[in-house]
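Enquirer: coords please:
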Amino acid sequence: MSGMKSKLGMFAMMTAMASMGETGYSERGEYRQLTDEEKAELKAIAEKKRLERLKEKGVNEYFYGANTVYARNQKNADRKARNKGYL
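Expert: Take a look at the predicted model:
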């Protein structure tokens, strides 16, 4: 008897999932293309959040002329600057 109850529940779940399927309209059609200004704004926001996360993790900011390197300590900052050609 217990096997029948579990199959009934599974069948009811699959029926409910099937009823939530195709809604008849395309969700993709509701999105619009972003302008270049909006794309630049989103990139700036993402970069700002990335820098905030780095600073929360204890990463410091080191300056090499007009360039900036983010590293945990001076030794790593020097190595990264050398690899990028800042030194």
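Enquirer: and the average pLDDT for the helix ranked longest in the chain is what?
Expert: The longest helix of the chain (DSSP state H) is helix 36-56. Throughout helix 36-56, pLDDT has a mean value of 94.
Enquirer: now stretch 65-77
Expert: 94.
Enquirer: would you mark the buried spots in that stretch?
Expert: Val69, Tyr70, Ala71, Ala77 (16 or more other Cβ atoms under 10 Å). Backbone N, C-alpha and C define where each C-beta goes, glycine included.
Enquirer: for Tyr64, give me the backbone phi and psi.
Expert: When read as degrees, to the nearest 10, the backbone of Tyr64 gives phi -130, psi 90.
Enquirer: quick one: contacts for the nearest residue to it once chain neighbours are set aside?
Expert: Distances taken as Cβ to Cβ, 6 or more residues apart in numbering place Tyr86 nearest to Tyr64, at 4.0 Å, with adjacent residues excluded. The contact partners of Tyr86, by Cβ atoms under 8 Å, 6 or more residues apart in numbering, come to Tyr64, Gly65, Asn67, Val69.
Enquirer: among these, name the ones in strands.
Expert: Mapping the contacts of Tyr86 onto strands (DSSP state E) picks out Tyr64, Asn67, Val69.
Enquirer: count the residues that sit near Glu61.
Expert: 12 (other Cβ atoms under 10 Å).
Enquirer: make sure it is indeed in a helix.
Expert: No. In this structure, Glu61 is strand, not part of a helix, as judged by DSSP: H, G, I helix; E, B strand; the rest coil.
Enquirer: what's the distance between it and Lys49?
Expert: 16 Å (Cβ to Cβ, to the nearest Å).
Enquirer: re earlier: out of the ones in strands among the contacts of Tyr86, flag the one nearest to Leu8.
Expert: Taking Cβ to Cβ as the measure, Leu8 lies nearest Val69 of these, at 63.1 Å.
Enquirer: right, and the closest one touches Lys84 too?
Expert: Yes. With contact defined as Cβ atoms under 8 Å, Val69 reaches Lys84; the gap is 7.3 Å.
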